[in-house]
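Peer 1: model the structure of this input:
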Amino acid sequence: MIKPTPFQPFRPDQLSGQACKEAVYRANVANLEGHIEGERALTQRSGDGLQPNSESLLLTQPGPDAKGTVVMYHGYTAGPWQYKEMARQYFDAGYNVTFH
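Peer 2: As a prediction, the model looks like this:
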């Protein structure tokens, strides 16, 4: 079973320095990467998991100073492949992007 992987909550006072911001950012990115890796492993083990080209995707800026994060979800009969170009455009504009 794949567990939800929310971003780690934090208070503004916990982000008093750039090093702290970067540590929280890296932890959250690692959390999402772990979720996506778990999804891939489940598909490989079961053999009947995700359709080709329907894996989740995470595009992250190199540091915590992205403009924001865009989270995209597709409908039941759609797939992430429909949004790859749009995801790339948001990423190129300075946003982190994840879609499922």
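
Peer 1: any low-confidence regions in this protein?
Peer 2: When residues are selected by pLDDT under 70, those of the chain lie in 1-16, 43, 45-53.

Peer 1: ranges for the helices of it?
Peer 2: Ranges of helices within the chain are 18-46, 84-92, based on DSSP state H.

Peer 1: tabulate those (JSON lines), appending distance to Leu58.
Peer 2: To be clear about C-beta, it is placed using only N, CA and C from the backbone, and glycine gets the same treatment. Formatted as JSON lines, these follow (distance: least, Cβ to Cβ, whole Å):
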{"stretch": "helix 18-46", "distance to Leu58": "5"}
{"stretch": "helix 84-92", "distance to Leu58": "10"}
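
Peer 1: may I ask you to confirm that Gln61 is in contact with Gly94?
Peer 2: Yes - look at Gln61 against Gly94 with Cβ atoms under 8 Å: they come within range, at 6.6 Å.

Peer 1: quick revisit: just put the helices of the chain in CSV and tack on mean neighbour count and distance to Ala78.
Peer 2: Putting those into CSV (neighbours: other Cβ atoms under 10 Å; distance: least, Cβ to Cβ, whole Å) gives the following:
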stretch, mean neighbour count, distance to Ala78
helix 18-46, 14, 17
helix 84-92, 14, 12
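
Peer 1: between those, which gets nearest to Glu55?
Peer 2: helix 18-46 (6.4 Å; Cβ to Cβ).

Peer 1: count of residues packed around Gln82?
Peer 2: 14 (other Cβ atoms under 10 Å).
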